[in-house]
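Novice: Predicted model follows, preceded by the sequence.
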Amino acid sequence: MVEPRVDKLLEKIDSQYASVIVAAKRARQISSYYHGLGEGHFGEYVPPMVDTRSKNYLTIALEEIEADKLKYQYR
């Protein structure tokens, strides 16, 4: 079971494709944040914006989408 559920995510983002792109980009940012901590890069990357028990970057990104912490726009 995927958590958060896809139908809950689609209430926040208008298509499955947009949710994939937004979540993947944010997961890369979260990954850079955690890897940057070990290298002494403080303040360069945005930390996770939700409290979570998950260590999976993609799950954290999806939880941020569900919590309405991310905004996006089409170019």
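Specialist: Here it is on my side, so go on. Numbers count the residues shown, from 1 in each chain.
Novice: When you work out contacts or count neighbours from here on, use the C-alpha atoms and nothing else.
Specialist: Noted.
Novice: what's the longest helix in the protein?
Specialist: helix 16-39 (DSSP state H).
Novice: Give me the buried positions along that helix.
Specialist: Of the residues in helix 16-39, those buried under the neighbour-count criterion (16 or more other C-alpha atoms under 10 Å) are 19, 22, 23, 24, 26, 27, 29, 30, 31, 32, 33, 34.
Novice: wait, which of the residues you listed is closest to residue 48?
Specialist: Of all those, the one sitting nearest residue 48 is residue 30; the distance, using C-alpha to C-alpha, is 6.4 Å.
Novice: Nearest the middle, which residue of this structure would you pick?
Specialist: The structure's the chain has its C-alpha centroid closest to residue 61; by C-alpha atoms, centre = their mean the separation is 1.8 Å.
Novice: could you measure it against residue 53, distance?
Specialist: 13 Å (C-alpha to C-alpha, to the nearest Å).
Novice: Same question for residue 7.
Specialist: Here residue 7 is placed at a distance of 22 Å from residue 53 (C-alpha to C-alpha).
Novice: Over to residue 26?
Specialist: Noted for residue 26: a distance of 17 Å to residue 53, by C-alpha to C-alpha.
Novice: Which helix or which strand is home to the closest residue to residue 52 other than its chain neighbours?
Specialist: Of all residues not flanking residue 52 in the chain, residue 60 sits nearest, at 7.0 Å (C-alpha to C-alpha, 6 or more residues apart in numbering). The secondary structure element spanning residue 60 is helix 57-66 (assigned by DSSP states H and E).
Novice: lowest-pLDDT helix or strand in this protein?
Specialist: For the chain, counting by mean pLDDT, DSSP states H and E, helix 6-9 ranks last in confidence among helices and strands (a mean of 88).
Novice: Extract the C-alpha set from that helix and format it as PDB.
Specialist: Output of helix 6-9 as PDB, limited to C-alpha atoms (Å, rounded to 0.1, in the frame of the first residue of the first chain):
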ATOM      1  CA  VAL A   6      -2.800   8.500  -4.900                       C
ATOM      2  CA  ASP A   7      -6.400   9.800  -4.700                       C
ATOM      3  CA  LYS A   8      -5.500  12.100  -1.800                       C
ATOM      4  CA  LEU A   9      -2.500  13.400  -3.900                       C
END
